[in-house]
Each structure stands twice: as C-alpha cells, then as structure tokens.
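Visitor: Predicted structure and sequence below. I'll ask about it afterward.
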Amino acid sequence: MRRRRSVSYKFEKNISAQKAKLEALLAELNALLAFLSKARPKMALLRKRIRQLDAEAANLNDLASYKADQPSLSRIYTA
C-alpha cells in the first residue's frame, strides 16, 4: 500500500510556491516602477513638445486661411 503524504507537507509546499510567485511579481513591479520614474520627465517633455506643435500648427492654419481670404495685389491692380 502507498503511504499518504501528510497534508501539512502539501500545504507548506503550496504556500512556498505561492510566496515565490508573489516575490517574483513584486520584483517585476518594482523594476517597472523604477523604469517609469526615470521615464516620467521624458514623457512630460514629449507632451509639452506635442502641445507646442499643436499650437504652431493651429497658428499656421489660421495664417494660411487668412492669406487665402485676402485678395492678392496682382488681382486688385489688373485692369
């Protein structure tokens, strides 16, 4: 007949396996957090530059539409 292993052995084995998984996950999350804390200033600069480019594009669009609405001098003075 086979001997049954004790329930406490299985329980301790499951607990230690779960603990190892959680420690590995914690290490991954800490590495991700460290990366994000280093990347945060760069991301802020990129967002600022994108906002600047949006503003410049809007200004150029306004300027282009304004010049398109104005008659050119050659059309005014042509008889």
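Guide: Yes, it's here.
Visitor: Quick check: longest helix in this protein by residues?
Guide: For the chain, the helix with the greatest residue count under DSSP state H is helix 7-69.
Visitor: who does that helix touch, helix- and strand-wise?
Guide: Here helix 7-69 touches no other helix or strand, going by 3 or more C-beta pairs under 8 Å, 6 or more residues apart in numbering; DSSP states H and E. No exception for glycine: its C-beta is placed from N, CA and C like everyone else's.
Visitor: tell me the average confidence for that helix?
Guide: Here helix 7-69 scores 90 as its mean pLDDT.
Visitor: measure Tyr49 to Glu56 for me?
Guide: Check again: residue 49 is Arg, not Tyr. Using C-beta to C-beta, to the nearest Å, Arg49 is found at 10 Å from Glu56.
Visitor: Could you check how far the most centrally placed residue in the chain is from Ile50?
Guide: In the chain, the residue lying closest to the centroid (C-alpha atoms, centre = their mean) is Met43, at 7.7 Å. In this view, Met43 and Ile50 are 10 Å apart by C-beta to C-beta.
Visitor: same question, Phe11
Guide: Using C-beta to C-beta, Phe11 is found at 54 Å from Ile50.
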